[in-house]
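# Predicted model and sequence below, questions to follow.
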Amino acid sequence: MGFPKQVSTRTGPAFALAFAVTMLVLTVGCPPFPPQDGGFGGPPSGVIEMDQNTDPRYFLRNRSGAIGWLKTAGDDVRLNGRRVTRDTYLQNGAHVRTGPDSAAIIDFYPSRGEACGLDVREFRHGRIYGRVETCGHLVITEQGAMETRGWPATYHVEARGDRETVFTAIDGEASVWRHADPERVVFVPRYHQVRISRSRITPPRRVSRAEVVSLTRWRDNFWRYKKETVSVPDLRKREIGDVRRTLERLGLGLRIDPPNAGSRDRVVRQDPPPGTRVSAGEVIRVIAQEGVPLIRVPELLKRQVGEARRMMARLGLRLSVNPPNAKSAYRVVRQSPRAGTEVRRGAVVQVEARAEGPTFTFPTGTVPTLTVPTVVIPKVTVPNLKSRSLGDAKRILERLGLGLRYNPRNAADNYWVVSQDPPAGRKVDRGTAVNLRLQVPIY
């Protein structure tokens with residue numbers, strides 16, 4: 001937008017001075033407003049919290065320009081070497097460093113591409129805490145690298161310069177490896193910790209919830225450095241998962257009664273009440289409604305696929321159809337779980353559908369000629385599932401429309417795949433079952 005090169009002298013020098021001051025305030029005085037998704041729809045690419053004296057660089061794959069919103073606390077947060085004193089946009093490839101008594105939180109925008117990936121590179125010193133729901137995170141330090149496997153995932157990384165890196169998987173799973181031996185990948189399940197040096201990776205060690213709380217206590221420092229007050233929102237009738245995310249964004253703590261309440265449970269009482277001004281980092285206490293109502297899976301056999309989809313939508317369940325290109329007029333011939341099974345809202349019900357052949361009535365003594373329509377089902381390439389966890393294999397095969405059988409039948413999701421049939425790379429029909437042989441994970 002162009003501005004006039006000069007101000008009319010008829011208005012006098014006082015107007016000229018006021019005009020110049022107004023333009024200066026509009027140009028540099030107001031911080032930008034962060035869009036919720038960076039201008040793109042879809043879920044965000046995760047959140048990373050940085051402790052004091054921490055120095056990583058961030059890259060978001062399949063995106064250029066601004067990749068997130070940087071929130072600062074303290075007097076020594078530097079973006080590409082320059083001190084920043086207010087929240088601002090984070091550009092792709094930016095280096096963020098926090099000094100003493102300073103911290104930062106970064107909300108990353110969605111990726112442009114289908115494969116969402118966030119890289120944390122050149123991470124030499126400090127501590128970060130990452131949370132992600134629909135994106136893969138890769139953290140690279142002096143000794144090696146860590147990559148989340150599936151989502152949601154929560155993790156903690158402490159980089160100790162040239163000595164070692166301590167990685168803790170809190171929620172979800174991850175893989176770690178050394179730069180000196182990238183072929184040897186170590187699987188780290190939830191609530192396990194490994195130490196990576198230039199010469200070795202320690203076996204994954206089980207950590208307790210109390211250890212995790214102690215390990216991540218530094219996260220409260222952000223709001224201590226921020227020195228601000230916050231208005232308590234109205235949390236009543238909201239789900240615990242939503243409440244937890246809301247309070248984290250505001251920098252408030254959360255104490256839930258009962259402690260084992262699920263993310264779908266709803267708040268019935270809170271303390272302090274809505275609208276109360278509290279210091280950043282204050283703990284909000286809530287009482288949750290116990291239990292989540294279960295939904296009984298209806299009978300879908302012989303129903304048309306279109307009707308089955310509508311029923312699932314009304315009940316709050318998801319429907320997975322095999323073959324994926326089945327038309328709404330196809331009939332359901334098989335379903336899992338079976339009718340009457342009780343499941344949580346949002347659960348997936350798998351069905352197999354077939355085209356319904358035409359029915360004709362012919363005069364007595366005639367020989368009918370019937371042409372049966374052919375349903376063309378595209379072939380699917382069997383993926384390589386060796387060395388993956390059973391949980392990963394289930395998600396991959398479901399996306400491809402393939403079935404699954406595994407041995408032993410009582411295997412948990414963290415068991416590893418040691419062999420598969422059909423082998424990787426073979427073309428098979430959708431709905432074909434892949435047989436897996438599993439073993440107990442070795443740490």
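It's in. Numbers count the residues shown, from 1 in each chain.
# Now do the contacts for the residue nearest in space to the middle of the chain.
With distances taken as C-alpha atoms, centre = their mean, residue 133 lies nearest the centre of the chain, 1.1 Å away. Contact partners of residue 133, counting by C-beta atoms under 8 Å, 6 or more residues apart in numbering, are 43-44, 46, 151-152. Any C-beta I mention is one placed from the backbone N, CA and C, and that applies to glycine too.
# same question, residue 272
232, 278, 284.
# count of neighbours near residue 333?
Residues lying near residue 333 (other C-beta atoms under 10 Å) number 12.
# Now do the strands for the stretch 51-200 of the chain: every range, in order, please.
Using DSSP state E, counting those that start in this stretch, the strands found in the stretch 51-200 of the chain span residues 57-60, 66-73, 77-79, 82-84, 88-91, 96-98, 103-108, 117-123, 125-132, 136-141, 144-160, 165-178, 181-188, 192-196.
# mind listing what's buried in stretch 215-224?
Judged by neighbour count (16 or more other C-beta atoms under 10 Å), stretch 215-224 contains these buried residues: 215-216, 218-219, 221-223.
# how far is it from where the chain is centred?
Relative to its chain's centre, stretch 215-224 lies at 22 Å (C-alpha atoms, centre = their mean, to the nearest Å).
# neighbour-wise, which of the contacts of residue 133 leads?
Among the contacts of residue 133, the one with the most neighbours (other C-beta under 10 Å) is residue 46, at 25 neighbours.
# Please report phi then psi for it.
Phi and psi for residue 46, reported as degrees, to the nearest 10, are phi 110, psi 180.
# residue contacts, it?
108, 118, 130-133, 135, 137.
# swap in residue 175?
Listed by C-beta under 8 Å, 6+ apart, the contact set of residue 175 reads 146-147, 149, 185-188.
# distance between stretch 243-254 and the chain's centre?
Computed by C-alpha atoms, centre = their mean, the chain-centroid distance of stretch 243-254 equals 17 Å.
# same thing with stretch 408-415?
Centroid separation for stretch 408-415 versus its chain: 24 Å, with C-alpha atoms, centre = their mean.
# hmm, back to that, of the contacts of residue 272, which count as buried by neighbour count?
Buried among the contacts of residue 272 (16+ other C-beta under 10 Å): 232, 284.
# Which residue ranges of this protein form helices?
13-24, 209-215, 221-226, 240-250, 305-315, 390-400 (DSSP state H).
# Can you tell me which of these is nearest to residue 379?
helix 390-400 (10.9 Å; C-beta to C-beta).
# wait, which of the contacts of residue 175 is closest to residue 304?
Within these, proximity to residue 304 (C-beta to C-beta) peaks at residue 149, which comes in at 38.0 Å.
# beta partners of the closest one?
Beta bridges link residue 149 to residue 173 when assigned by DSSP bridges.
# need the contact list for it.
Going by C-beta under 8 Å, 6+ apart, residue 149 touches 172-175, 187, 389, 392.
# Same check on residue 205?
So residue 205 contacts 192-194 (C-beta under 8 Å, 6+ apart).
# how much space between it and residue 393?
As judged by C-beta to C-beta, to the nearest Å, residue 205 and residue 393 stand 26 Å apart.
# buried set for stretch 434-443?
434, 436, 438.
# any chance of the residues you listed in CSV, plus pLDDT and distance to residue 267?
Output for the buried residues of stretch 434-443, formatted as CSV (pLDDT from 0 to 100; distance: C-beta to C-beta, whole Å):
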residue, pLDDT, distance to residue 267
434, 90, 43
436, 90, 42
438, 89, 40
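# Quick one: those residues as TSV, columns for distance to residue 273 too.
As requested, these are arranged in TSV below (distance: C-beta to C-beta, whole Å):
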residue	distance to residue 273
434	54
436	53
438	51
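# Among those, which ones are in strands?
Using DSSP state E, the members of the buried residues of stretch 434-443 that fall within strands are 434, 436, 438.
# Return the closest of those residues with respect to residue 251.
Distance to residue 251, by C-beta to C-beta, is smallest for residue 438 among those, at 43.1 Å.
# number of nearby residues for the residue lying closest to the closest one once chain neighbours are set aside?
Nearest non-adjacent residue to residue 438, counting by C-beta to C-beta, 6 or more residues apart in numbering: residue 415, 4.1 Å away. As a burial measure, residue 415 scores 20 neighbours (other C-beta under 10 Å).
# rewinding a little: where neighbours are concerned, which of the contacts of residue 205 has the most?
Neighbour-wise, those (other C-beta under 10 Å) top out at residue 194, 22 neighbours.
# Residue 182 versus that residue, what's the distance?
From residue 194 over to residue 182 (counting by C-beta to C-beta), the distance is 16 Å.
# same check, this time on residue 274
Residue 274 sits 52 Å away from residue 182, going by C-beta to C-beta.
# Next up, the contacts around the spatially closest residue to residue 302 that is not a sequence neighbour.
Distance criterion C-beta to C-beta, 6+ apart; nearest residue to residue 302, sequence neighbours excluded, is residue 331 at 5.8 Å. Residue 331 is in contact with 302-305, 353-356, counting by C-beta under 8 Å, 6+ apart.
# and the closest residue to residue 386 other than its chain neighbours, how many residues sit next to it?
Spatially, and ignoring its direct neighbours in sequence, residue 386 is nearest to residue 417 (5.5 Å; C-beta to C-beta, 6+ apart). The tally of other residues near residue 417 (other C-beta under 10 Å) stands at 21.
# residue contacts, the residue nearest to residue 296 when sequence neighbours are not counted?
Nearest residue to residue 296, sequence neighbours excluded (C-beta to C-beta, 6+ apart): residue 342, at 5.5 Å. Going by C-beta under 8 Å, 6+ apart, residue 342 touches 294-297.
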